[in-house]
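Visitor: For reference, the sequence and a predicted model appear below.
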Amino acid sequence: MSDDSLITSLSAAIEARPDDLRLRLHLGGLLVEAGRTQEAIAHAAQVLARDAGNVEAQALMQRALSPAPPSEASGGFGAADDDPLSALDRELSQVLPPRFAAAPDDVAGARSDDRMFEVESSTVRLADVGGMTDVKERLELAFLGPLRNPELRRLFGMSLRGGLMLYGPPGCGKTFLARAIAGEMGAKFLSVSIVDVLDMWLGNSERNLHELFQTARRNSPCVLFLDEVDALGLKRSKILSSGLRNVGNQLLAELDGVDANNDGLFVLAATNTPWDVDPALRRPGRLDRMVLVLPPDAPARAAILQLHLRDRPIAGIDLPKIVAATDDFSGADLAHLCKSAAEYAMADSLRTGEVRMIEQRDFDRALRQVRPSTGSWFATARNVATFANDGGVYDDLVAYLKRRKLL
């Protein structure tokens with residue numbers, strides 16, 4: 001039996017018997033020999049999570065973390081199968097562009113004669129999103145409920161078209177949540193940013209925006225995600241450029257479906273500054289529902305930390321302590337915290353010459369350096385909630401600030 005077949009068989013056996021530590025260690029050794037060190041580290045970490053003092057698991061972790069000796073066949077500069085110009089390209093890649101540009105791969109939903117827009121099939125589900133119970137309930141009422149119940153939808157005269165705006169501090173998972181909605185629906189996913197739309201030539205920006213909507217319509221049911229929608233739909237009173245004003249008008253026309261049918265097109269938008277978005281975008285039939293996406297709560301923080309530590313070598317981590325110390329941390333802040341702790345452990349390993357795992361002391365040190373990035377957002381949001389909550393648009397934000405005694 002080949003090594004790959006044996007690894008596949010052992011992996012299947014471990015799925016059936018996840019607590020068989022001897023089997024995990026055997027598989028980990030085979031993975032290291034096959035050069036699949038990241039998978040070996042993950043299995044060693046699983047063993048150490050169940051038996052922190054397991055000597056064999058620690059030795060396996062040490063083997064997986066140790067750099068492999070360079071292979072003569074791999075060839076550096078001057079290898080037999082490498083031409084001198086290619087080697088020179090690599091050597092000067094930081095200061096000179098490559099001689100030849102690679103052709104783009106074919107992408108679903110692309111225009112054959114012009115730009116290419118990537119339409120994805122999302123595999124993320126709402127169950128993969130930690131916490132956010134209130135947000136999930138709002139999304140169930142706005143999108144998922146009508147989609148799953150066509151009879152009720154017809155009875156109550158509901159349409160499959162609609163728009164919703166996600167807002168909140170940066171780094172709190174608005175884009176991930178949009179992908180989860182598309183995956184939950186079984187719909188395609190098309191993400192739009194300002195670089196996909198804006199063009200220096202007059203009229204091209206409006207055409208790009210129209211083509212993006214047309215691509216989404218051709219792939220319906222489709223979730224069209226407008227990231228940083230304030231950049232495309234800024235308040236017209238703040239716009240000095242006629243070009244940006246025309247882009248805003250085109251966006252309004254596309255949301256209304258003036259020249260096309262928007263059934264099966266679900267428009268989700270995200271912004272950190274909803275107060276800068278043109279009010280016309282929030283009229284009924286457009287982005288008429290707003291959902292506040294807040295920093296993760298304690299269960300969500302625990303899930304996020306476990307995700308970012310899953311494939312890293314850890315030992316003796318006090319997860320409840322870290323969760324309690326990371327109030328107001330965004331998902332991005334938590335990822336940065338894990339990376340910082342890993343950097344401290346790696347730096348210590350380099351200094352001592354002995355590889356060690358990430359420990360609680362590394363997180364204690366990282367927590368002294370990493371601070372939540374949401375503070376400045378809440379400072380601005382507090383002023384908006386106090387003085388600009390016209391029509392109760394930000395009632396959810398006001399309620400949250402009052403619960404946290406920030407208002």
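Guide: Perfect, I can see it now.
Visitor: Could you check which helix or strand contains the residue at minimal distance from the centre of the chain?
Guide: Central residue of the chain (C-alpha atoms, centre = their mean): F176, 4.5 Å from the mean position. Following DSSP states H and E, one finds F176 within helix 174-185.
Visitor: which secondary structure elements does that helix contact?
Guide: helix 133-139, strand 162-167, strand 188-192, strand 222-226, strand 265-271 (3 or more C-beta pairs under 8 Å, 6 or more residues apart in numbering; DSSP states H and E). The way it works is simple: take the backbone N, C-alpha and C, and place the C-beta from them, glycine included.
Visitor: List the buried residues of that helix.
Guide: Across helix 174-185, burial judged by 16 or more other C-beta atoms under 10 Å covers 174, 177-185.
Visitor: Run the chain-centre distance for that helix.
Guide: Put simply, helix 174-185 sits 10 Å off its chain's centre (C-alpha atoms, centre = their mean, to the nearest Å).
Visitor: so where's the stretch 51-200 of the chain uncertain?
Guide: 66-116, 142-143, 159-162 (pLDDT under 70).
Visitor: ok, 90 please
Guide: Along the stretch 51-200 of the chain, the model assigns pLDDT under 90 to residues 51-164, 173, 175-188, 192-200.
Visitor: thought Y344 was touching R368?
Guide: No. Using C-beta atoms under 8 Å, Y344 is not in contact with R368, being 10.8 Å away.
Visitor: So between those two, which is more surrounded?
Guide: Using other C-beta atoms under 10 Å, the more surrounded residue of Y344 and R368 is Y344, with 18 against 8.
Visitor: before we move on, the earlier item: ok, the buried residues of helix 174-185 vs C222, which is closest?
Guide: The nearest member of the buried residues of helix 174-185 to C222, counting by C-beta to C-beta, is A182 at 7.9 Å.
Visitor: Roughly how far does that closest one sit from V384?
Guide: Counting by C-beta to C-beta, to the nearest Å, the separation of A182 from V384 is 30 Å.
Visitor: And for A298?
Guide: Counting by C-beta to C-beta, the separation of A298 from V384 is 27 Å.
Visitor: which of those two has more neighbours?
Guide: In this view A298 and V384 are compared by other C-beta under 10 Å, and V384 has more residues nearby, 16 against 13.
Visitor: Which residue, neighbours along the chain excluded, lies closest to that one?
Guide: W275 (5.1 Å; C-beta to C-beta, 6 or more residues apart in numbering).
Visitor: Also R289?
Guide: Among residues not flanking R289 along the chain, L164 sits closest, at 4.6 Å (C-beta to C-beta, 6+ apart).
Visitor: Sounds good, over and out.
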